[in-house]
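> pasted the sequence and its predicted model underneath.
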Amino acid sequence: CNDALVARGLPGEMVTVGLIGGTGGIGTHLLTILIQRNYTIRALARSPAKLPSHERLTVVKGDVAADEAAVLEVCQGCDIVLSAVGGCVMSKMAANILKAKPSRFYCVTTLGVGGSSKEAAEMLTQMIGKTNFDDYDKADMLVRSNGYTAVRPTSLNDKKGINKYLATDEIGMGPIDRFGYPLAIARSDVALFLADCVEDTQWDNKGVQVHKAASSDKRSGCNVS
């Protein structure tokens with residue numbers, strides 16, 4: 001939703017969210033939260049049967065990297081588009097969504113791209129290879145250069161979330177463990193950040209790093225800028 005929608009405090013069902021990657025690790029959690037918050041959702045999926053049936057969920061079959069028409073169909077009429085896609089299709093995915101010219105677009109990339117952390121970039125390149133890293137970096141650049149938001153989470157895990165996160169525009173590794181590695185954040189907590197951004201515009205048109213929140217911070221959805 002845009003600033004006007006936020007200011008008017010419209011009920012959830014009057015806000016339409018486009019969801020790309022709703023069957024993945026982050027996307028599955030994100031879809032659950034969006035449904036709980038009563039948003040109207042338009043989701044793109046290669047295998048629609050993997051998504052639940054719900055009265056406020058419309059599913060369009062298609063591949064985000066290959067089906068421009070399907071991507072356009074999902075994005076049309078949405079107040080915001082959220083992408084939780086990962087893998088080797090990042091730059092193609094970003095390019096296709098950009099062609100749809102969404103009002104707002106939040107795209108999950110990764111810590112280390114876009115100049116967010118030199119140390120994380122070196123670690124990630126070793127883990128996934130230069131070709132895949134460059135693809136993530138290109139997607140991040142496309143998103144940012146077109147005035148949208150790149151969401152750069154640190155390393156991810158599938159542990160139970162703590163229902164909070166640390167979001168910041170400061171570059172660097174963020175919180176690290178005793179071995180010097182970034183603390184992993186639960187995929188469900190990254191999903192929470194994305195869902196919070198549907199009605200919170202403070203991260204629009206920015207690059208934002210999303211880290212695991214400190215256990216001492218009791219506030220859900222901790223945002224630090």
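Nice, thanks for sending it over.
> what's in contact with the longest helix belonging to the chain?
As far as residue count goes, and with DSSP state H defining each element, the longest helix of the chain is helix 130-145. Under the contact criterion Cβ atoms under 8 Å, 6 or more residues apart in numbering, helix 130-145 has outside partners 88-91, 93-95, 98, 105, 107, 109-110, 112-114, 121, 124-125, 149-150, 152, 207. Every residue, glycine included, has its C-beta placed from N, CA and C.
> name the residues linked to V59 by a beta bridge.
Counting by DSSP bridges, V59 is bridged to A43.
> what is the burial count for it?
Other residues near V59 number 21, with proximity taken as other Cβ atoms under 10 Å.
> what's the answer for P175, then?
Using other Cβ under 10 Å as the criterion, P175 is surrounded by 14 other residues.
> residues contacting it?
Shown in contact with P175 (Cβ under 8 Å, 6+ apart): 166, 182-183, 211-212, 214.
> switch the cut-off to 6 Å
P175 sits next to 183, 211 when contact means Cβ atoms under 6 Å, 6 or more residues apart in numbering.
> next, it: phi, psi?
Its backbone dihedrals place P175 at phi -60, psi 130, with angles given as degrees, to the nearest 10.
> please tell me how far it sits from I20.
Distance, P175 to I20, using Cβ to Cβ, to the nearest Å: 28 Å.
> now D189
Using Cβ to Cβ, we find D189 at a distance of 19 Å from I20.
> same deal with M127?
24 Å.
> what's the closest non-adjacent residue to L124?
G112 (4.5 Å; Cβ to Cβ, 6 or more residues apart in numbering).
> number of nearby residues for the one you found?
One way to gauge burial is a neighbour count; for G112, by other Cβ under 10 Å, it gives 27.
> same check on F179?
The burial count assigned to F179 is 5, neighbours taken as other Cβ under 10 Å.
> residues touching it, list them.
For F179, the contact set (Cβ under 6 Å, 6+ apart) is empty.
> and it, helix, strand or coil?
Secondary structure for F179, judged by DSSP: H, G, I helix; E, B strand; the rest coil, is coil.
> what distance do you get for it to M123?
To M123, F179 is 11 Å away according to Cβ to Cβ.
> can you check G86 too?
Plainly put, G86 is 17 Å away from M123 if you go by Cβ to Cβ.
> and for V71?
32 Å.
> flag every buried residue along stretch 24-33.
By neighbour count, with 16 or more other Cβ atoms under 10 Å as the criterion, the buried positions of stretch 24-33 are 24-31, 33.
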